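Asker: give the three-dimensional model of this entry:
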Amino acid sequence: MEVAANQPIRVQSVAQAGLSQVPHQFVQRPDQRPNCSPASPSSYSVPVIDLFGFDPNYRDSVRDAVGRASSDWGAFHVTGHGIPAELLRRIKTLGLTFFNDTPISDKLKYACDPSYAASEGYGSRMLERDDTVLDWRDYFDHHTLPLSRRDPSRWPHFPADYRQVVAEYSDRMAVLARDLMGLVSESLGLPTRCIEDAIGEFYQNITISYYPPCPQPELTLGLQAHSDIGAITLLVQDEVGGLEVLKDGQWSTVQPLADDAVIVLLADQTEIITNGRYRSAVHRAITNASRARLSAATFHDPSKTTKISPSSELISESSPQRYREVLYGDYVSSWYKGPEGKRNIDALLIDY
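Answerer: The predicted structure follows:
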């Protein structure tokens, strides 16, 4: 099956065609395939941190755990965060309803603008380069914060509570993101609002990703290896799993936990603000031959006019500034031209 280069590829439609081989646009380079790069999957487990509802009596121990996980992984699970498990389940159910129970003609009413990589709606391709290997993934991207960007008429109206649930989920996740950034700041001895003040008003997107069964999972990736470009990402995945985080040169599977678990991924701007003390998490999604997978990622980014630089409180003679200041809009433009791992952030390193 050949897909015209100028036509949007809906991966779910490709999967439903019953092919025994994936189209060449989805075949990863040999060194990027799931079983070839880098080393074989590790036995490490992403840390799980109980936030105890942000009870002040537990704050010291929780802050220490967040600091260790941020330094060692740049990723961790959180429980006890106060977001109802039913809301976390509901956002996944909405996604499955859209992808599995909605006719393609109705889905296409919410299609992304194919000429604009970061447009809102139903899509399959994120990057601008024509030679980019495609991810085995469809998605729906919602622009949710600030409120001036939030236009529920751009979101599906089925099921009947779709728009209401996404709006509530957005607000709850924004609160959790701020609380977590406070813990990350404190774990470095910084004021609670240090990272939040550096980021400014959240630009939040919620992306529900659908990874159909793939006839050749050994050749494909649901999402290629990268670190997120913003400040902090909060993700929930279904019971199928497939998220992997890179640690010490090996891929570690992030096992699905109970319905109330949220995965935290530190992103590039947090790495810059912490002067590299905490690393953004390089991660990817793998596919499988028999089961579809769904996840919902909530991204929290600065505005494109915000300048990001390391916190002055983390710079000293013994700990010099590691990253140059960057205008976030410039960083975004560079990323959408085709990231490879942490290439973009590494380009900001200062060479002493």
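
Asker: my guess is Pro159 contacts Gly95. True?
Answerer: No: assessed by C-beta atoms under 8 Å, Pro159 is found out of contact with Gly95, at 11.2 Å. Using the backbone N, CA and C atoms, a C-beta is placed for each residue, glycine as well.

Asker: might you list the low-confidence residue ranges for the stretch 51-200 of the chain?
Answerer: By pLDDT under 70, the weakly predicted segments of the stretch 51-200 of the chain are 117, 126-131.

Asker: please enumerate the strands of it.
Answerer: Ranges of strands within the stretch 51-200 of the chain are 75-79, 121-123, 138-145, based on DSSP state E, counting those that start in this stretch.

Asker: to Pro23, which of the ones you listed lies closest?
Answerer: Closest of the strands of the stretch 51-200 of the chain to Pro23 is strand 138-145, at 14.6 Å (criterion: C-beta to C-beta).

Asker: in the closest one, what counts as buried?
Answerer: 138-145 (16 or more other C-beta atoms under 10 Å).

Asker: OK, contacts around Lys75?
Answerer: Wrong residue type there; residue 75 is Ala, not Lys. 46, 69, 245, 254, 263-266, 281, 283 (C-beta atoms under 8 Å, 6 or more residues apart in numbering).

Asker: ok, Val11 next?
Answerer: Here Val11 is in contact with 26, 124, 134-138, 211-212 (C-beta under 8 Å, 6+ apart).

Asker: show the buried residues in the residues you listed.
Answerer: 26, 124, 134-138, 211-212.

Asker: out of those, who's nearest Arg277?
Answerer: Nearest to Arg277 among these, with distances taken as C-beta to C-beta, is Asp135, at 30.9 Å.

Asker: so that closest one makes contact with Ala225?
Answerer: No: using C-beta under 8 Å, Asp135 is not in contact with Ala225, being 10.9 Å away.

Asker: mind checking the SS state of the nearest residue to Asp238 once chain neighbours are set aside?
Answerer: With sequence-adjacent residues excluded and distances taken as C-beta to C-beta, 6 or more residues apart in numbering, Asp238 is closest to Leu294, at 5.0 Å. At Leu294, secondary structure determined by DSSP: H, G, I helix; E, B strand; the rest coil is strand.

Asker: what number of residues lie near Gln25?
Answerer: 15 (other C-beta atoms under 10 Å).

Asker: tell me how far the closest residue to Pro191 other than its chain neighbours lies from His81.
Answerer: Spatially, and ignoring its direct neighbours in sequence, Pro191 is nearest to Ser185 (6.4 Å; C-beta to C-beta, 6+ apart). Counting by C-beta to C-beta, to the nearest Å, the gap from Ser185 to His81 is 17 Å.

Asker: next one: Leu51
Answerer: 5 Å.

Asker: any residues in contact with both of those two?
Answerer: Asp179.

Asker: one step back: more neighbours: which of Pro159 and Gly95?
Answerer: Taking neighbours as other C-beta under 10 Å, Pro159 and Gly95 compare with Gly95 leading, 23 against 15.

Asker: next, count neighbours for the residue lying closest to the more buried one once chain neighbours are set aside.
Answerer: Spatial nearest neighbour of Gly95, chain neighbours left out: Ile208 (3.9 Å); criterion: C-beta to C-beta, 6+ apart. Using other C-beta under 10 Å, Ile208 is surrounded by 23 other residues.

Asker: let me know the helix or strand that Ile208 is in.
Answerer: strand 203-211 (DSSP states H and E).

Asker: in CSV, list the buried ones among the contacts of Val11 along with distance to Arg89.
Answerer: What follows is these, written out as CSV (distance: C-beta to C-beta, whole Å):
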residue, distance to Arg89
Phe26, 30
Ser124, 25
Leu134, 30
Asp135, 25
Trp136, 25
Arg137, 21
Asp138, 21
Tyr211, 19
Pro212, 21
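
Asker: out of those residues, the closest to Thr102 would be?
Answerer: Each of the buried ones among the contacts of Val11 was checked against Thr102 using C-beta to C-beta; the closest is Asp138, at 11.6 Å.

Asker: the stretch 101-250 of the chain: helices as residue ranges?
Answerer: Ranges of helices within the stretch 101-250 of the chain are 104-107, 162-187, 194-199, based on DSSP state H, counting those that start in this stretch.

Asker: so which of the ones you listed comes closest to Phe76?
Answerer: Closest to Phe76 of the helices of the stretch 101-250 of the chain, according to C-beta to C-beta: helix 162-187, at 9.6 Å.

Asker: mind listing what Glu325 touches?
Answerer: Per C-beta under 8 Å, 6+ apart, neighbours of Glu325: 307-309.

Asker: ok now stretch 201-210, how far from the chain's centre?
Answerer: Counting by C-alpha atoms, centre = their mean, to the nearest Å, stretch 201-210 is centred 8 Å from the centre of its parent chain.

Asker: what residue in the protein is the furthest from its centre?
Answerer: Going by C-alpha atoms, centre = their mean, the residue of the chain most distant from its centre is Glu317, 34.6 Å out.

Asker: that one: which element?
Answerer: Glu317 belongs to no helix or strand when elements are defined using DSSP H and E.
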